[in-house]
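Visitor: One predicted model, sequence on top.
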Amino acid sequence: MMDWNNPLIQVGLKLLAITITFTVVLMIVAYTVLAERRILAFIQGRLGPNRVGYGGMLQPFADLLKFILKEEIVPDKSTKFVYFLAPIIAIVAALMPMIVYPFGPEINLPWLGPIKLVVARFDVALLYVLGITSVGVYGIALAGWSSNNKYSLMGGLRSSAQLISYELSLGLSLIGVILMSGTLDLYSIVEQQSGWYGMKWNIVPQIIGFIVYMISAIAETNRVPFDLPEAETELVAGFHTEYSALKFALFFMAEYVNMFTVSMLATTLFLGGWNGPGVQQFPTLGVFYFLGKVVFFLFLYIWLRGTLPRFRFDQLMNFGWKFLLPVALFNIILTATLVLFDLI
Amino acid sequence: MFATLLFILFAGLAVGCAISMVAQRNPLYSAISLIGVFISLACLYVMLAAPFIAAVQVIVYAGAIMVLVVFVIMLLNVEEEERHPLRLRYLVPTAVVLAALLVAEATFIIYTANANETSPAPLRDLSTSDVGLTEMIGRGLFTQYLLPFEITSILLLMAIVGAMTLARRATLMQPGARVVPGAQVLTKSTVDPKAVGDATPVIAHTTREAEEVLRIHDKG
């Protein structure tokens, strides 16, 4: 019999859990890319990639092989150290928040006993997510600077300005939920939404916060209609113009992992995480509810990309600072008042 | 055992990054090293059972202040700084003297602390301590330390208003001036349709500001 409380075994188990989480997330991300290409093709009346494997199911692996085998071109005048560091920062900052999300309730495993389906649970999980996300800016800013290319620099600057601006309204839109639940621990926040047969979701009292969060989150992930950093008609490809082969793949993955992160955060904070009808009786159902909600947000991203045109840069800044920020502040005051008088 | 290993790792990282920050010629490398210092310090705070401080350290210092520093360095020319490597050479002896003072001070403190206590203080179990938790910090800020907290808030508000006033100034653009991202550069011809071909550039946030600078008054 192994001693489960041995710190070495504990650390090993955590590392194993983190590895599994990262693998699963990267697999889902790979298929999100495929889904995006197929759905966009459907919206635009095309077929999309459907040759590799059944209906294109092996396309992500073909793409990955291509990224690995392509020639790496490093610009001669680039600042080498920073140039190599930037994609690493981007992908590390994208993957690190993955471990704090609870993706299921406490379930009974056959011979391991009850376990909580969350890799790491701690007091300031929400702040941890925000902190790591804010470090992710460096990946983009440094990539733009070190490439020694005007388009890259413009893309990097635009992107940093956009991320800094929308980070504020993103953070403020979450404060309503924190005020209601009184904790920063994501697991407790999800547990508090389990009333009303698993339908007592925060989205109902926090609808303003949710809308502000979704708009800021789309801007934070540099997606349409806020994809100015890589507006290809103006900036070639923005900050990753000079990146090729696997380093480009890292930026690409980081973008999709970031989409996944904000979708998981939206699910956890506003849509009740793994809560839903029937989870009390069958806890395993919670995992599917959670994944279903996350996939819904990913689909929303793709849908928006097929539907909306791009903002202009001054419109983007005005919208973020003069509309979203005041609305988020108003939401905080409103929620604080309601919480003070015990109305929600 | 793990705690000691992790402490050595993060403390070493912090010291290494700090040395690298001072030693680097390139300002951007210094800035990156400083970010490394902040993140290592955040890891140390987590080990000292102060996760809130750690998170705030990363969000505020690494995520906000240093982004602005990197932003400014990226916009300025780095090469100019590298051409004058010997500019601050005269500060080296001062630094050596100050470092010696610091080491002496630290030794003195450790010596007197050990001399006063007959036995070393028992290590408190940090995992059960609640001083660093968010709730305790919140209670402290809004009850015992309310006045300093409010004064700091007002100070920050004043700084924001000051920054706004300084930044929102529409001016005629000087030759060779650098444009802050977010500011608009308008030519006179965009503001005043009659002045065709006059490309006097103006930095302004709105067309009305540009009109005021160029003294074009809307008569309609």
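Guide: Received it, and whenever you're ready, just let me know what you need.

Visitor: how about the helices in chain A?
Guide: A:7-43, A:59-69, A:80-95, A:125-135, A:137-146, A:150-181, A:186-191, A:195-198, A:207-220, A:232-235, A:245-269, A:285-307, A:313-318, A:325-340 (DSSP state H).

Visitor: How many residues are close by the closest residue to residue A:67 other than its chain neighbours?
Guide: Leaving aside its sequence neighbours, residue A:67 sits nearest to residue A:249 (CB to CB, 6 or more residues apart in numbering or on different chains; 3.9 Å). C-beta coordinates here come from the backbone N, C-alpha and C atoms, glycine included. Residues lying near residue A:249 (other CB atoms under 10 Å in any protein chain shown) number 19.

Visitor: picking that back up, compare the helices of chain A and report which one is nearest to residue B:163.
Guide: Nearest to residue B:163, of all the helices of chain A, is helix A:150-181, at 14.0 Å by CB to CB.

Visitor: check whether that closest one contacts chain B.
Guide: Yes - between helix A:150-181 and chain B, judged by CB under 8 Å from any CB of the partner chain, the touching residues are A:153, A:156, A:157, A:158, A:160, A:161, A:164, A:167.

Visitor: low-scoring pLDDT stretches of chain B, where are they?
Guide: Applying pLDDT under 70 to chain B flags the ranges B:77-88, B:114-132, B:168-201, B:203, B:205-207, B:216-220.

Visitor: Residue numbers of it in contact with chain A?
Guide: By CB under 8 Å from any CB, the residues of chain B that approach chain A are B:1-2, B:28-29, B:32, B:35, B:39, B:42, B:51-52, B:54-56, B:58-59, B:62-64, B:67, B:70-71, B:74-75, B:133-134, B:181-182, B:184.

Visitor: Name whatever forms a beta bridge with the residue lying closest to residue A:287 once chain neighbours are set aside.
Guide: Nearest non-adjacent residue to residue A:287, counting by CB to CB, 6+ apart: residue A:104, 4.1 Å away. Beta-bridge partners recorded for residue A:104 (DSSP bridges): residue A:117.

Visitor: By neighbour count, which of the residues of helix A:150-181 next to chain B wins?
Guide: residue A:156 (30 neighbours).

Visitor: how near is the residue nearest to it when sequence neighbours are not counted to residue A:115?
Guide: Distances taken as CB to CB, 6+ apart place residue A:144 nearest to residue A:156, at 1.7 Å, with adjacent residues excluded. Residue A:144 sits 43 Å away from residue A:115 when distances are taken as CB to CB, to the nearest Å.

Visitor: And these two? Which one has more around it.
Guide: Comparing residue A:144 with residue A:115 by other CB under 10 Å, the one with more neighbours is residue A:144, at 29 against 12.

Visitor: For chain B, what is the nearest residue in chain A?
Guide: Across chain A, no residue is closer to chain B than residue A:134, which sits at 2.8 Å (CB to the nearest CB).

Visitor: What pLDDT is listed against that residue?
Guide: As predicted, residue A:134 sits at a pLDDT of 85.

Visitor: count of neighbours near it?
Guide: Counted with other CB under 10 Å, the neighbours of residue A:134 add up to 24.

Visitor: Do I have it right that it meets residue B:60?
Guide: No - counting by CB atoms under 8 Å, residue A:134 does not reach residue B:60; the two are 9.1 Å apart.

Visitor: could you check the distance from the residue of chain B at minimum distance from chain A over to residue A:134?
Guide: In chain B, the residue that lies nearest chain A is residue B:63 (2.8 Å; CB to the nearest CB). Distance of residue B:63 to residue A:134, given as CB to CB: 3 Å.

Visitor: next one: residue A:49
Guide: From residue A:49 across to residue A:134, the span is 35 Å (CB to CB).

Visitor: cool, residue A:140 as well?
Guide: 12 Å.

Visitor: wait, does the lowest-mean-pLDDT helix or strand in chain A contact chain B?
Guide: Lowest on mean pLDDT, DSSP states H and E among the helices and strands of chain A sits helix A:232-235, with a mean of 72. No - counting by CB under 8 Å from any CB, chain B is not contacted by helix A:232-235; separation bottoms out at 13.8 Å.

Visitor: Mind listing what's buried along that helix?
Guide: In terms of neighbour count (16 or more other CB atoms under 10 Å in any protein chain shown), helix A:232-235 has its buried residues at residue A:235.

Visitor: Show the contacting residues for residue 46.
Guide: Using chain A. Applying CB atoms under 8 Å, 6 or more residues apart in numbering or on different chains to residue A:46 gives no contacts.

Visitor: actually it's chain B I care about, not the one you picked
Guide: Counting by CB under 8 Å, 6+ apart, residue B:46 touches residue B:54.

Visitor: if I look at it, how far off is residue A:134?
Guide: Counting by CB to CB, the gap from residue B:46 to residue A:134 is 17 Å.

Visitor: Flag every residue of the stretch 101-250 of chain A that's near chain B.
Guide: Within the stretch 101-250 of chain A, the positions near chain B by CB under 8 Å from any CB are A:122-124, A:127-128, A:130-132, A:134-135, A:137-138, A:141-142, A:144-145, A:153, A:156-158, A:160-161, A:164, A:167, A:184.

Visitor: if you set the cut-off to 10 Å instead, what comes out?
Guide: Within the stretch 101-250 of chain A, the positions lying close to chain B (CB under 10 Å from any CB of the partner chain) are A:122-138, A:141-142, A:144-146, A:153-154, A:156-158, A:160-161, A:163-165, A:167-168, A:171, A:178, A:182-185.
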